[in-house]
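# Sequence below, structure please.
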Amino acid sequence: DLSRLPQQVGVQGQVFTIVNDEDYFYPDLMRGMIVDGDMGRDITKYTGSTTGTSRDNEICSAYSPITWQVDRKCHMISASSFDKMCADMKSQRDDMSDDLYAHGSRELVDPKFTANNQHNRALRGN
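Model prediction:
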């Protein structure tokens, strides 16, 4: 039942600079946002929809509104963290092979179609 999807799905996002340094290894990217040190602390929250190049200012996603929680800072992470995540994805019962390659991003949505409801907050337990 897709009508309940907004209550059941949320997106967490973090941005990384990938480095060849094992001091920045995180072994379990499959389990959600990294909350460690300053990672996952400075969060903005807003509503949006799913991502992808098949949606734009003319064609909206049926999967909306989705709650997004995005870390505002860019963090360093080791390249081997992503190697580990890909290995974990391959070992899942569900076929995740379509998610093992880089995907495109869509154009930014015209501001007249966006919500102005960003919230600053810390994740639970912080």
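# what about the longest strand in the protein?
Longest strand of the chain, by residue count under DSSP state E: strand 66-78.
# measure the residue nearest the centre of the chain to Arg4 for me?
The centre of the chain sits closest to Gly13, judged by CA atoms, centre = their mean, with a distance of 3.0 Å. The span separating Gly13 from Arg4 equals 23 Å under the rule CB to CB, to the nearest Å. C-beta: built from backbone N, CA, C; applies to glycine.
# go on, Lys84?
33 Å.
# Quick check on the two: which one has the bigger neighbour count.
Ranked by neighbour count (other CB atoms under 10 Å), Lys84 and Arg4 place Lys84 first, with 17 against 8.
# so the more buried one, which of the three states?
In three-state terms, and counting by DSSP: H, G, I helix; E, B strand; the rest coil, Lys84 is helix.
# Now do the contacts for it.
Contact analysis of Lys84 by CB atoms under 8 Å, 6 or more residues apart in numbering lists Phe25, Pro27, Asp28, Leu29.
# Kindly report the same for Asp99.
Taking CB under 8 Å, 6+ apart as the test, what Asp99 contacts is Met89.
# How about Tyr101?
Tyr101 neighbours (CB under 8 Å, 6+ apart): none.
# Check it and give its pLDDT.
Tyr101 carries a pLDDT value of 83.
# what do you get for Thr53?
pLDDT, Thr53: 70.
# Just to check, it is in contact with Ile59?
No: with contact defined as CB atoms under 8 Å, Thr53 does not count as touching Ile59 (10.7 Å).
# so what sits against both of those two?
With CB under 8 Å, 6+ apart, Thr53 and Ile59 have no common neighbours.
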